[in-house]
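Asker: curious how this folds, go ahead:
(3 chains)
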Amino acid sequence: MAKKLFALLAAVLLGGTAFAQGPVTIGVNLELSGRFATIGNATLQGIEVAREQMSDALGQEVELSICDNQTTPEGSINCAARFVDEGVIGVLGPISSTMAIAAANPLEEAGVIMISTSSTNPATTQIGEHIFRMAYTDDFQGKVAARYAADDLEAERAVVFRQQDDDYSFGLAGFFAEEFESLGGETITLDFVSNTVDFSAQINDARGFDADVIYYSGFCAEGASLMPQLRQQGFNQQILGADASDDSQCPVGGGEAFDGYILTGFGGADVLSGDAAARAEDFAAFFDVVYPDAADFNGFTLAGADSYNVMVQAVNNAGSADPDAVLDALQNLEGYPGVSGDITYAGTDGTPADRTIAFFQYSVPGADGSEWTKSSLFGIGTGQ
Amino acid sequence: MAAITTTAGRRAIPWGWIFGLGIPALVLARIYYLVNVVEVRDYAFFIGAMVQSLQLGSLYALIALGYTMVYGIIRLINFAHGEVFMVGAFISYFLFSGAPFALPWALLWSAVLAWGVAFILNLWRGSMTHPTVIAGGLVAFAALTFLLSTFQVNWVAALLLSMLFTGVLGVVIDRVAYRPLRGAPRISLLITAIAVSFLLQNTGLIVFTRNQTPFRPETDWTAFLQFDVLGGTVYTSRLMFLIPILTAVLVTALTLFVTRTRLGKAMRASAQDAETAQMMGINVNRVIATTFLLGSMLAAAGGFLWGLNFGSLNQPAVMGILPGIKAFAAAVIGGIGSLPGAVIGGLLLGFLENFMTALFPRQGDFPGLTEFKDTFAFALLIVVLLVRPSGIVGEDLSEKV
Amino acid sequence: MSDSRTRLRNVMLTLGVGAIVAVLLALVEGNGGAKLNDTLALFAIWGIAALSLNLVNGTTGILSLGHHGFMLIGGYVTSLLIVPADVRERIASQARSDMTPFTLSLSVENAFNAVGLQALTTPETLWVRFLVALLVGGFVAMIFGLIVGIPSLRLKGDYLAIVTFGFGEIIRLSASTSLFSPFTNGALGFAGVPNDFGKSIWWTFAILGLTLFVMTKIKFSSFGRALQGIREDEIAAEAMGVNLARSKVLAFAISAFFAGIAGGLWVSYLSAARLDFFLFFLTFFFLVAISVGGTGSYTGVLMGVAVVVFVQQYGDPLEKTYGLPVWFGVIGSLILIAAAGGWLYRKTRRMRPVLHPLVVVLGLIGLGTLLFAIFGQNSPALDGTFQAFGMRRILLAVLLIVIMAFRPEGIMSRAEFSWAWALRERKDQPSDEERAQDAWLSNPDLNRGSATSSEDPLPASLTAEDAPNAVPFLERGTKPDPDEPRYGEGRDWQPEQDDEEEGR
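Answerer: You can find the predicted model right below:
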């Protein structure tokens, strides 16, 4: 008894310093419920499939500690605190910039590596050296979309819908508008906040502005309400969206209003070239075996898988679970053959050097959105 | 003292005439300015905005009636009414879409509602042990479990059934949460109402969904409608007929019930003076249950039409809050405790919210009133409470000391 | 024991407990882990906010529902003044940022530089800047409290509650509009607020202790007595010379000030300021804390906050994913317990029949569900999992409903913790002054002619020492009558009937 008590006391006193040699644990901070639940679950499935393919690091099993941030910044911060407490090697996620920026500050302070799977706001990786991402950034995405609208769609006047309480949407709308205006167009930015269902006021404001194209930088939760209301109010212009629309909630929720909707998103096997395309196809085939009934398989799935792969690769490269060594390995990662293209962090601020962005188009036959399909139009690499 | 000297000292100013004629005149002048002077809008746009405002105002009126009835009888600001509205919308969604409830929740709901049915029957049969009451409860339980877990109905049946279920839910809320506090201070009652509202929000997250939900029953009433008028095109849908007409029918039915039936008269008597009404042999508990039943039924109808109007339902935790508090504002603006007041207040608020943003659009550097849309209701509520707590048509029910 | 010695003893005891708390906090900080640390910090921050809300809701008896709005103001002002320069640069570089160069330059650091206090702009003196920012946030919240309070406090009761709720929402809704967005960075808010203070149990507990000290001082001052007088009976208080409007507005402003402080710590705790951190649920949590602990009692409020924080921080197992058999089992057990409770209730109340059909039906349903969950574990109907999000909030809401129905005055009612109570002294000893008063009042000369004191054998003139058995005029520490209406309001009509018994 006394021995036990002594051991307990020692454990309490030394608790902070002793390192237990257990399995390699990676934290996963994702939007598994709430507004971005479909995207979050697609990402999680990607991570889990990648773990099926590569389940060991340093000869030990990799364990995932999954935390659901419920699509709230507060939840994301709480997840970050939990991971700091658990002492994980690194954190994967969150998917959206708002949650990523919220979690990045405490993680950077605690010196924990974070790879946001699909946060695209440039500010995310500027927070510190421990913060990485798997996606391209919004200045690129916004510019590509603006050029497409101005050159291919020959639009001169654009209405931009911006969700003003979301970092991603806010930033992206700004980049789109700036590029579109620098190409000689005119824009008007209309704000809404999350959980809006009544867009009549915004649509009334859009009425006075004779637009050729509508750019929607928000998410599907609101988009599914906005698009039918736009169509009902006689707006039949081409609508452009961004990667947040790459989500089955959009066509299923919005129905035929999403027919012909064009969006930019994370490139998959269709738009990748060479080895990368083959790897993406292999991954897709393997994914189908593991999750035959998955609701979504899209760029977020690939980004989730690759952030896991990169994390494990960095641990293996470092040869130990020491945070500094892993960080060093990650910062010097070069040309890792991921399923979404080659990944290089060497010499960047945490954004992979070469990513491929794709243009997709929805086709939604009939009022009911259940039979939607998505086809890719073409892809553009960030290096080009 | 102050009030006496000011009113006796000068002639009464005809505020009614000033506002009643002045505001429409200002609105017309502003429309003329926007159409003919700066030429950024056409007349058809304002007709479209008016149609939208009428739809929105009708919805607010439906919800506001519930607030005003409950306040009239037990002097309670039923904070949970917005959530009752949310539950009504979601129940109708589950009924017409055929999306099944998970079985545990179907059982739970059915148990709660079956007990509510039994309780309502008990108010007439006199005892919870009466065979009719027990049979009614059991039948309701079986029917509800079946309906909620598997059945799919068309939209009219969904609307009616959801009104029925939500009405019973309102009675259950009153019996479980508010009735133990009869006679307690009104503030305790209000705190309980807030707790009930919070409870329903979070139960909704578990039982219904956590996401925004598309709301598209199979009906032709949502078909788009366009017509050319005054040199422009009005964009609307057939709901411009359905929503105001259905509202008018429901309000008329309610008015007839309240003025013509025995129970309705008992209701009005209880609203005047519950204690005396009870002494006169009116079963006040029955009257209160009826009030909650009717108010919640109207809220459910409002919820269904709300879903139709916007094409989707917001997630349960936030769906009821803003419409609920705005409808309460509408009830206060019209004069809380008065049925015509609630309708007038609702329509007024609908116009204010929608038409103001149309009258003051974004124009050059002026950002427009769009971003202040949600604050109108609160601002007006505060102004009305401070300046004329009795509202437009109501009598003064504010606390007298 | 004499008055001054009692006071000295109490002060010493309080300081001793403070020292023990400090030692415990030091132990927690050393080995308690991040979660316990966060929980304690959260307890302190929400404690500050709940105490300040209690000054209005409990002590003054005004139901205010707009507290989250004042916390928002305090939080945003604090973060605007404290966010580091690199965050400002990031905001400035954001495309179409709402912040202007002027509002971006608003910071305590710049102000110190301008007045020549460069010594206070080093990283080591961040705490000075943070305290300044916190205080400024509190004062701005206080100004808003005055703006809100002066017009709306003319109203009473539930109307006032709704108006304060409306103001709370207006503050949040208009913070993102073009009027305020240069100061709030639109709806995006600020990320990167230093969390060295909100997460530090030392800072938060020190400020909590300060708040508690100020609140107790207020409660037992003449101003506090005036406020309690307003709670009990406004007309009587006014007749006694209390300036109703002034007292209410002042209480509201003080409350807003501390709410602003709590808001500043809250953004520091979360290391970010965003509009969705300041939703109505905050005020709701504080309302639960106040109602559970005891409306008007600071001791009770802190107990209530402890309950709320515990549920919020350690209730997450409730929201995990479980298999359907578990859920069925839990639901079945709950129904069974409800049925048993109903049976017990009827039995103790001697209601006939004891086995009410509803009780029987409920019991059968519960038993059936439970048996199905136990023996049907492998059946396909129970093949699935379910996750109950928001269970913690449901729990708190149910707690509030139950408390309001069965014990509306809360655990502590209006009683405060006192050393006299803790040391099992039945009530406070009367002070020297009170002894003299009692003696004077029980002087038969004074009461000559009244029937009650004609038999009093005491001599005509008395000192305190002469009248050890005099009935104290002021009996402190007595509990209020539970049958008294709360919040100083009269009872409405009351149809007290049992629905089971009512017949035609």
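
Asker: how far does the one helix or strand residue C:288 maps to sit from the chain's center?
Answerer: For residue C:288, the element it lies in under DSSP states H and E is helix C:280-293. Centroid displacement of helix C:280-293 relative to its chain, using C-alpha atoms, centre = their mean, to the nearest Å, is 6 Å.

Asker: elements contacting it?
Answerer: Judged by 3 or more C-beta pairs under 8 Å, 6 or more residues apart in numbering or on different chains; DSSP states H and E, the packing partners of helix C:280-293 are helix B:186-207, helix C:33-54, helix C:67-82, helix C:157-175, helix C:298-314, helix C:391-406. Yep, even glycine has a C-beta here, placed from its N, CA and C like the rest.

Asker: how about 10 Å then?
Answerer: helix B:186-207, helix C:33-54, helix C:67-82, helix C:157-175, helix C:244-270, helix C:298-314, helix C:391-406 (3 or more C-beta pairs under 10 Å, 6 or more residues apart in numbering or on different chains; DSSP states H and E).

Asker: shouldn't residue B:326 be in contact with residue B:63?
Answerer: Yes: Residue B:326 sits in contact with residue B:63 when judged by C-beta atoms under 10 Å, with a separation of 8.2 Å.

Asker: name the residues contacting each of those two.
Answerer: With contacts defined as C-beta atoms under 10 Å, 6 or more residues apart in numbering or on different chains, the residues adjacent to both residue B:326 and residue B:63 are B:82, B:346.

Asker: the more surrounded of those two?
Answerer: Counted by other C-beta atoms under 10 Å in any protein chain shown, residue B:326 and residue B:63 do not tie: residue B:63 has more neighbours, with 31 against 26.

Asker: of the helices and strands packed on helix C:280-293, flag the one that's most buried.
Answerer: helix C:67-82 (a mean of 30; mean count of other C-beta atoms under 10 Å in any protein chain shown).

Asker: any chance you could list what contacts whichever helix or strand comes after that one?
Answerer: The helix or strand immediately downstream of helix C:67-82 is helix C:85-93, counting by DSSP H and E. With contacts defined as C-beta under 10 Å, 6+ apart, helix C:85-93 is touched by A:101, A:105, A:122-123, A:126-128, C:79-80, C:83, C:97-101, C:103-107, C:109-110, C:185-186, C:188, C:190-194, C:272.

Asker: how about residue A:347: what's its closest non-neighbour residue?
Answerer: Spatial nearest neighbour of residue A:347, chain neighbours left out: residue A:353 (7.4 Å); criterion: C-beta to C-beta, 6 or more residues apart in numbering or on different chains.

Asker: sorry, back to before: among the contacts of helix C:85-93, which ones are in helices?
Answerer: Among these, DSSP state H puts A:101, A:105, A:123, A:126, C:79, C:80, C:101, C:103, C:104, C:109, C:110 in helices.

Asker: are stretch B:218-236 and chain A in contact anywhere?
Answerer: Yes: for stretch B:218-236, a contact with chain A is found by C-beta under 10 Å from any C-beta of the partner chain, at B:218, B:222, B:223, B:224, B:225, B:226, B:233, B:234, B:235, B:236.

Asker: element containing the residue in the stretch 251-384 of chain A that chain B sits nearest to, please.
Answerer: Across the stretch 251-384 of chain A, the shortest distance to chain B (C-beta to the nearest C-beta) belongs to residue A:253, at 4.4 Å. Assigned by DSSP H and E, residue A:253 belongs to helix A:249-254.

Asker: that helix: which residues count as buried?
Answerer: By 16 or more other C-beta atoms under 10 Å in any protein chain shown, the buried positions in helix A:249-254 come out as A:249, A:250, A:251, A:252, A:253, A:254.

Asker: which strand or helix spans residue A:162?
Answerer: Residue-wise, residue A:162 maps onto strand A:157-163 under DSSP H and E.

Asker: one more: residue B:68?
Answerer: helix B:43-74.

Asker: hmm, back to that, so among the ones in helices among the contacts of helix C:85-93, which ones count as buried?
Answerer: The neighbour-count test (16+ other C-beta under 10 Å) applied to the ones in helices among the contacts of helix C:85-93 identifies A:101, A:105, A:123, A:126, C:79, C:80, C:103, C:104, C:109 as buried.

Asker: of all those, which comes closest to chain B?
Answerer: Distances from chain B to those, taken by C-beta to the nearest C-beta, are shortest for residue C:103, at 17.2 Å.

Asker: gap between the closest one and residue A:165?
Answerer: 19 Å (C-beta to C-beta, to the nearest Å).

Asker: hang on, the earlier thing: what is the mean pLDDT for the helix holding residue B:68?
Answerer: Averaged over helix B:43-74, pLDDT sits at 92.

Asker: now do the SS call for the residue in chain C positioned nearest to chain A.
Answerer: Proximity of chain C to chain A (C-beta to the nearest C-beta) peaks at residue C:95, 2.7 Å away. For residue C:95, the assignment made with DSSP: H, G, I helix; E, B strand; the rest coil gives coil.

Asker: count of residues packed around the closest residue to it other than its chain neighbours?
Answerer: Setting aside the residues directly before and after it, residue C:95 is nearest to residue A:174 in space (C-beta to C-beta, 6+ apart), at 2.7 Å. If you count neighbours by other C-beta under 10 Å, residue A:174 ends up with 21.

Asker: per-residue confidence for the residue in the stretch 101-250 of chain A positioned nearest to chain C?
Answerer: Closest residue of the stretch 101-250 of chain A to chain C, C-beta to the nearest C-beta: residue A:174 (2.7 Å). The model reports residue A:174 with a pLDDT of 92.

Asker: for it, what is the enclosing helix or strand?
Answerer: helix A:167-182.

Asker: can you give me the buried ones in that helix?
Answerer: For helix A:167-182, by 16+ other C-beta under 10 Å, it's A:167-180.

Asker: quick check: buried residues in the next helix-or-strand element following that helix?
Answerer: Next helix or strand after helix A:167-182 toward the C-terminus (DSSP H and E): strand A:186-192. Under the neighbour-count criterion of 16+ other C-beta under 10 Å, strand A:186-192 has A:187, A:188, A:189, A:190, A:191, A:192 buried.

Asker: list the contacts for the first one?
Answerer: When you say that, I think you mean residue A:187. A:146, A:149, A:157-160, A:173, A:176-181, A:209, A:211, A:213, A:215.

Asker: kindly report the same for the fourth one.
Answerer: Applying C-beta under 10 Å, 6+ apart, one finds that residue A:190 lies in contact with A:159-162, A:164, A:173, A:199, A:201-206, A:209, A:214, B:362, B:368, B:370-371.

Asker: now it, nearest residue through space, not along the chain?
Answerer: Distance criterion C-beta to C-beta, 6+ apart; nearest residue to residue A:190, sequence neighbours excluded, is residue A:202 at 4.5 Å.

Asker: now the buried residues of helix A:249-254 as a markdown table including pLDDT?
Answerer: Below are the buried residues of helix A:249-254 laid out as a markdown table (pLDDT from 0 to 100):
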| residue | pLDDT |
| --- | --- |
| A:249 | 87 |
| A:250 | 90 |
| A:251 | 90 |
| A:252 | 88 |
| A:253 | 87 |
| A:254 | 88 |
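
Asker: next helix or strand past the top helix by length along chain A?
Answerer: Ranked by residue count, the top helix of chain A under DSSP H comes out as helix A:299-318. Once helix A:299-318 ends, the next helix or strand along the chain (criterion: DSSP H and E) is helix A:323-331.

Asker: angle of that following helix against helix A:299-318?
Answerer: 120 degrees (axes from the mean of the first three to the mean of the last three C-alpha atoms, to 10 degrees).

Asker: name the SS class of residue A:240, please.
Answerer: Per three-state DSSP, residue A:240 ends up strand.

Asker: which residues touch the closest residue to it other than its chain neighbours?
Answerer: Closest residue to residue A:240 apart from its sequence neighbours, by C-beta to C-beta, 6+ apart: residue A:215 at 4.9 Å. Residues near residue A:215 by C-beta under 10 Å, 6+ apart: A:142, A:145-146, A:149, A:155, A:158-162, A:172-173, A:176-177, A:180, A:187, A:189, A:238-242.

Asker: wait, a strand at residue A:215?
Answerer: Yes: according to three-state DSSP, residue A:215 belongs to a strand.
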